[in-house]
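Peer 1: got a sequence here, can you build the structure:
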Amino acid sequence: MTAGSEYPVNQRPLPMVVPEPGLPERVTIYEVGARDGLQNESATIPVEVKEELVRRLLAAGLTTVEATSFVHPRWVPQLADAAELMTRLGDLGTHLPVLVPNERGLDRALELGLRHVAVFGSATETFAQRNLNRSYDEQFAMFEPTVTRALDAGLDVRAYVSMCFGDPWEGAVPIDQVVAAGRRLLDLGASELSLGDTIGTGTPGHVTALVRAFGDAGVGPDRLALHFHDTYGQALGNVQAGLRAGVTTYDASAGGLGGCPYAKSATGNLATEDLVWMLTGLGIEHGVDLDAVVATSTWVAGHLGRPSPSAVVRALGTPRLTPGRR
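Peer 2: Numbering: from 1, shown residues only. Sure thing, here's the model as predicted:
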């Protein structure tokens with residue numbers, strides 16, 4: 001061993017497992033890299049690359065991989081190949097969630113026999129207008145027939161609510177306003193509500209207060225997921241606050257890819273690798289092969305032509321960015 005090192009030469013480090021009492025024994029990582037991670041890329045990404053990305057993520061042990069979105073190509077051109085991607089994935093794709101912004105998006109999902117869909121709402125008026133071209137109240141009227149039809153067809157419906165911790169146009173978002181928006185989505189019939197820190201301004205105390213407020217409104221942590229962006233370096237601290245509050249589902253993106261095309265201050269998502277490293281150190285089961293995800297993120301970084309923003313990928317991954325490198 002070299003001086004000052006805890007690991008033998010040529011052996012990559014692993015976090016020491018030091019559990020924290022009172023935290024969940026197991027966490028579900030809801031992988032959004034294939035959809036949220038790629039939706040804002042300026043260069044066209046071949047559908048073959050997207051397909052391999054999804055297959056690699058599943059092979060790495062990520063049981064829930066949100067594959068794409070059936071949004072109109074005019075709004076998110078990077079996902080214009082959604083139907084082709086899901087067709088290429090075949091039976092495997094049937095069990096993967098996809099985003100459906102409205103009834104037309106749901107029609108496309110139903111035509112392909114998909115079983116899991118998600119809708120995406122806003123906690124603020126301004127972002128509802130910019131993202132959905134609807135007012136705050138109109139968005140729920142738009143979602144109602146979509147969710148009802150999906151449930152009647154036997155599909156599972158997840159709901160996202162964005163701008164839960166701050167809005168670049170409206171500033172601080174009152175906690176009771178976020179709870180009200182979330183309750184309306186759950187009351188439509190969504191099985192799970194993902195609370196999004198779209199611009200990454202949340203802090204641990206804010207997370208604790210928001211989860212507690214949902215509990216006071218009758219929504220326990222078992223129905224919540226947390227979706228953090230690492231814009232200000234707060235994502236992992238926020239995850240720990242969520243764990244202490246009992247939340248067991250966390251959205252993450254392989255390699256930390258992603259952002260929001262309608263909120264330019266929304267930079268990369270919480271990196272799956274960074275989350276896995278932390279959960280491993282806490283002794284929390286997650287079922288994910290870290291090496292496989294790091295290799296996948298390094299591979300996709302080659303196709304994008306830039307290094308991964310994930311700290312763990314930078315520490316463990318291959319620095320070369322040769323397109324298609326395995």
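Peer 1: isn't residue 62 up against residue 292?
Peer 2: No - taking CB atoms under 8 Å as the contact criterion, residue 62 and residue 292 are not neighbours in contact, 9.3 Å apart. Heads up, the C-betas are built off the backbone N, CA and C, glycines and all.
Peer 1: between those two, tell me which one has more neighbours.
Peer 2: Set residue 62 next to residue 292 and count neighbours by other CB atoms under 10 Å: residue 62 wins out with 26 against 15.
Peer 1: and the strands in this protein?
Peer 2: Secondary structure of the chain, counting by DSSP state E: strands at 28-31, 64-65, 68-69, 98-99, 116-122, 156-162, 192-197, 224-228, 249-252.
Peer 1: could I get those in TSV, plus columns for mean neighbour count, distance to residue 22 and mean pLDDT?
Peer 2: Putting those into TSV (neighbours: other CB atoms under 10 Å; distance: least, CB to CB, whole Å; pLDDT from 0 to 100) gives the following:
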stretch	mean neighbour count	distance to residue 22	mean pLDDT
strand 28-31	24	19	98
strand 64-65	22	25	98
strand 68-69	26	37	96
strand 98-99	26	34	98
strand 116-122	24	30	97
strand 156-162	23	27	98
strand 192-197	25	21	98
strand 224-228	25	17	98
strand 249-252	26	17	98
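Peer 1: so which of those gets nearest residue 49?
Peer 2: Closest to residue 49 of the strands of the chain is strand 68-69 (CB to CB; 12.8 Å).
Peer 1: contacting residues around residue 175?
Peer 2: 209-210, 213 (CB atoms under 8 Å, 6 or more residues apart in numbering).
Peer 1: redo the strands of the chain as CSV? Include distance to residue 85.
Peer 2: Rendered in CSV, the data for these read as follows (distance: least, CB to CB, whole Å):
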stretch, distance to residue 85
strand 28-31, 15
strand 64-65, 12
strand 68-69, 5
strand 98-99, 9
strand 116-122, 15
strand 156-162, 19
strand 192-197, 22
strand 224-228, 22
strand 249-252, 20
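Peer 1: those strands: which one's closest to residue 42?
Peer 2: For residue 42, the closest of these is strand 68-69, at 17.1 Å, according to CB to CB.
Peer 1: same for the closest one, what does it pack against?
Peer 2: The helices and strands touching strand 68-69, judged by 3 or more CB pairs under 8 Å, 6 or more residues apart in numbering; DSSP states H and E, are helix 82-89, strand 98-99.
Peer 1: gap between that strand and the chain center?
Peer 2: Its chain's average C-alpha position is 12 Å from that of strand 68-69, according to CA atoms, centre = their mean, to the nearest Å.
Peer 1: show me what it pairs with in its sheet, parallel or antiparallel.
Peer 2: strand 98-99 (parallel) (DSSP bridges).
Peer 1: ok, and what's touching the partner strand?
Peer 2: Contact with strand 98-99 is made by 35, 66-71, 82, 86, 105, 109, 114, 116-120, as judged by CB under 8 Å, 6+ apart.
Peer 1: at 7 Å what do you get?
Peer 2: Residues outside strand 98-99 that contact it (CB atoms under 7 Å, 6 or more residues apart in numbering) are 35, 66-71, 109, 114, 117-118, 120.
Peer 1: residue 122 touches residue 131, doesn't it?
Peer 2: Yes - in terms of CB atoms under 7 Å, residue 122 counts as a neighbour of residue 131; the distance is 6.1 Å.
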